[in-house]
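Participant: Just the structure for this:
(chains A and B)
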Amino acid sequence: MQNELKMTIAEIQEEIIDEFSMFEDWEERYQYMIDLGKSLPLIDEQYKNEAHIIKGCQSKVWVHAEMNNDTVEFTADSDAIITKGIIAILIRVFSGQHPKAIIESNTDFIDKIGLKEHLSPTRANGLGSMIKQIKMYAVAYQTQLN
Amino acid sequence: MNTTVKHTEFNIDTIREDFPILNRKVNGKPLVYFDNAATSQTPKQVIDVIVDYYSNYNANIHRGVHTLSQEATDLYEAARLKIQQHFNAKHSYEIILTSGTTHGINLIANGFTNLLEKGDEVLVSALEHHSNIVPWQMLCERSGATLKVIPMNEKGELIISDYDALLSKRTKLVFVNHISNALGTINPIEDMIKKAHQVGAAVLVDGAQSCPHIKPDVQALDVDFYVASAHKMCGPTGVGLLYGKEKWLNKLPPYQGGGEMIDQVTFEKTTYAGLPHKFEAGTPNICGGIAFGAAIDYMNAIGFDAIATYEHELLDYATAQLSAIEGLKIYGTADEKTSVVSFNIEGIHPYDIGAILDKLGIAVRTGHHCAQPIMDFFKIPGTVRASFAFYNTKAEIDALVEGVKKAKMMLS
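Facilitator: You can find the predicted model right below:
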């Protein structure tokens, strides 16, 4: 199975921290996020609806989750591109992982890659709620597995 | 407490020295503060009054016989007189000190619950902040009255012919802001008040956005209620004023029960204190009220005419410079507007622009500005809003323009 070769959440986070350490300043970090946000189709259009929306005060975020064998696959999107870039990173970290691993993980790496301000409540961009939502999906799927 | 400020002429360098926060850096860059419509910065003359109050006068007011209590009471009541003079209210007891604009609006909305009935109508303008929409919706739910909206045009101006058509003998209340927070439109409130009175309706004007720019004369306007917040005009947060005509304030029931607002209390019946204390239950924001007075002194020492002239220059300059950026659209182009520029760049979300500007040390507001109906009108999720105060400069506007160009380049 693919899980044998799969990196753990902590390993992926370390890899992202390494990648970000190569950027010299905020502009390079932001440009990378923007490019990520531009390049990725992150969610099937059918899921960009009220049922999947997380309303931030400013940008909107849509999240969809599916159980695939014993891992959770996440897709998501945002109408703001920097938000979308951060979503791409969060999906890289959490999607395809076992629900238990998602429940037990943390998001401290966001601070280490210099994007902490986007998760502060004042940003009101829906990302804080998105992480909560990801964990809630994981809790729900974990309950199914038990 | 000496709050006198000497500003014989409008000197931007001297004025900027009054604001310690303007020296700080954000993300390694000098702060450019263009979120003045959300809250203004505080001059050291006001900060000093706050420090002085807690260092020398702190006590509860109105009830103590001891010296500190009497001194604090004197300072607080002196602030009320300053506010009365500034807004030109007929009596000092027509000035109710509140926690801010929202508190004042809710106090009035609550007071009208039993004065309205089914079939009555209340008019609210399409340009309102949520705080001047939601309390009236709640009032209508409680009283059975109907809420109607005065529409606006593409420039962000209220359509006065529609307002005229909406007014009737069923109209009991009209709510309008003096200046729109999202677009900066200055509304023709004098005319609107006159017309409302012709059908017997009372008018509440939300002055949160006007008080930093102009000096309203509530008697000349003949307005029934006028509300504002200190923190938009160089004062602290958590304090504001509700002006109400004496006849209305006597007619309305108290909003909150508690200490301070009573005359006699027995378990059978309580009689209420007279104005203004009837509406000031509990220990007020004493220091805030005194500092509000100091803020009014500070702004008057600079002079509202000088402020308006200078801010208009900033507005014209920013409008011209920003308009030159390809793909940039300004929302709110009313003939009469204050120093607010609300804009978007085609194909770019306002949040993204705001996030990049923040990295450059530039503070703007992005989003719907608590005025979703306005954003729905323009069919946009929000805007970037730069709002200027008299302590801002053209050089700061240049930094904004460069920042917006950079954001556009990075995001396109």
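
Participant: got the residues of chain A near chain B?
Facilitator: A:26-27, A:30-31, A:34, A:57-60, A:79-83, A:117-118, A:124-125 (CB under 8 Å from any CB of the partner chain). Every C-beta, even on glycine, is put in place using the N, C-alpha and C of the backbone.

Participant: Throw together a ChimeraX command that grabs the buried residues out of these.
Facilitator: Buried members of the residues of chain A next to chain B, defined by 16 or more other CB atoms under 10 Å in any protein chain shown, are picked up in ChimeraX with:
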select /A:30,31,34,57,58,59,60,79,80,81,82,83,118,124,125
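
Participant: can you pull out the strands in chain A?
Facilitator: Secondary structure of chain A (DSSP state E): strands at A:53-55, A:60-68, A:71-78.

Participant: nearest to B:Thr271, of those strands?
Facilitator: B:Thr271 lies closest to strand A:53-55 among the strands of chain A, at 47.5 Å (CB to CB).

Participant: mean confidence for that closest one?
Facilitator: The average of the pLDDT scores along strand A:53-55 is 75.

Participant: low pLDDT regions in chain A?
Facilitator: Residues of chain A meeting the criterion pLDDT under 70: A:1-5, A:40-41, A:55-57, A:119-126.

Participant: Helices along that one, start to end?
Facilitator: Here chain A has its helices, by DSSP state H, at A:9-21, A:26-39, A:81-94, A:99-104, A:109-112, A:127-145.

Participant: Next one: B:Leu97, what pLDDT does it get?
Facilitator: pLDDT, B:Leu97: 97.

Participant: B:Gly289 is in contact with that one, correct?
Facilitator: Yes - checked against CB atoms under 8 Å, the pair B:Leu97 and B:Gly289 is within contact range at 5.1 Å.

Participant: Find the residues that touch each one of the two.
Facilitator: Both B:Leu97 and B:Gly289 are in contact with B:80, B:239, where contact means CB atoms under 8 Å, 6 or more residues apart in numbering or on different chains.

Participant: who has more neighbours, the two?
Facilitator: More neighbours surround B:Gly289 than the other of B:Leu97 and B:Gly289, with 29 against 24 (other CB atoms under 10 Å in any protein chain shown).

Participant: ok, the most centrally placed residue in chain A to A:Trp26 distance?
Facilitator: Residue closest to the mean C-alpha point of chain A, counted by CA atoms, centre = their mean, is A:Leu90 at 2.0 Å. Separation of A:Leu90 from A:Trp26 (CB to CB, to the nearest Å): 20 Å.

Participant: Can you show me the CA trace of stretch B:65-79 as PDB?
Facilitator: Output of stretch B:65-79 as PDB, limited to C-alpha atoms (Å, rounded to 0.1, in the frame of the first residue of the first chain):
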ATOM      1  CA  VAL B  65     -17.800  63.100  49.600                       C
ATOM      2  CA  HIS B  66     -14.000  62.700  49.600                       C
ATOM      3  CA  THR B  67     -11.800  65.000  47.700                       C
ATOM      4  CA  LEU B  68     -10.600  62.600  45.000                       C
ATOM      5  CA  SER B  69     -14.200  61.700  44.100                       C
ATOM      6  CA  GLN B  70     -15.200  65.300  43.900                       C
ATOM      7  CA  GLU B  71     -12.200  66.200  41.700                       C
ATOM      8  CA  ALA B  72     -12.900  63.300  39.400                       C
ATOM      9  CA  THR B  73     -16.500  64.300  39.200                       C
ATOM     10  CA  ASP B  74     -15.600  67.900  38.300                       C
ATOM     11  CA  LEU B  75     -13.300  66.600  35.600                       C
ATOM     12  CA  TYR B  76     -15.900  64.300  34.200                       C
ATOM     13  CA  GLU B  77     -18.600  66.900  34.200                       C
ATOM     14  CA  ALA B  78     -16.200  69.500  32.700                       C
ATOM     15  CA  ALA B  79     -15.700  67.000  29.800                       C
END
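
Participant: Relative to the whole chain's centre, how far out is it?
Facilitator: 27 Å (CA atoms, centre = their mean, to the nearest Å).

Participant: contacts for it?
Facilitator: In this structure, residues lying in contact with stretch B:65-79 by CB under 8 Å, 6+ apart are B:1, B:53, B:57-64, B:92, B:284, B:286, B:289-290, B:292-294.

Participant: go again using 7 Å as the cut-off
Facilitator: The contact list for stretch B:65-79 (CB atoms under 7 Å, 6 or more residues apart in numbering or on different chains) reads B:1, B:57-62, B:64, B:286, B:289-290, B:292-293.

Participant: related to what we said a few turns ago, okay, the strands of chain A, which one's buried deepest?
Facilitator: Across the strands of chain A, averaging neighbours per residue (mean count of other CB atoms under 10 Å in any protein chain shown) puts strand A:71-78 on top, at a mean of 22.

Participant: tilt between that strand and helix A:127-145?
Facilitator: Angle of strand A:71-78 versus helix A:127-145, following axes from the mean of the first three to the mean of the last three CA atoms, to 10 degrees, is 160 degrees.

Participant: Now the helix or strand harbouring B:Ala407: buried residues?
Facilitator: Using DSSP states H and E, the element containing B:Ala407 is helix B:394-411. Going by neighbour count (16+ other CB under 10 Å), the buried part of helix B:394-411 is B:396-397, B:399-401, B:403-408, B:410-411.

Participant: does chain A sit close to that helix?
Facilitator: Yes - counting by CB under 7 Å from any CB of the partner chain, chain A is contacted by helix B:394-411 at B:410-411.

Participant: What is the burial count for B:Asn88?
Facilitator: Neighbours of B:Asn88 under the rule other CB under 10 Å: 14.

Participant: Next, give phi and psi for the closest residue to it other than its chain neighbours.
Facilitator: Nearest non-adjacent residue to B:Asn88, counting by CB to CB, 6 or more residues apart in numbering or on different chains: B:Asp217, 4.5 Å away. Dihedral angles of B:Asp217 (phi, psi; degrees, to the nearest 10) stand at phi -110, psi 100.

Participant: if I look at B:Asp217, how far off is B:Lys247?
Facilitator: According to CB to CB, B:Asp217 stands 19 Å off from B:Lys247.
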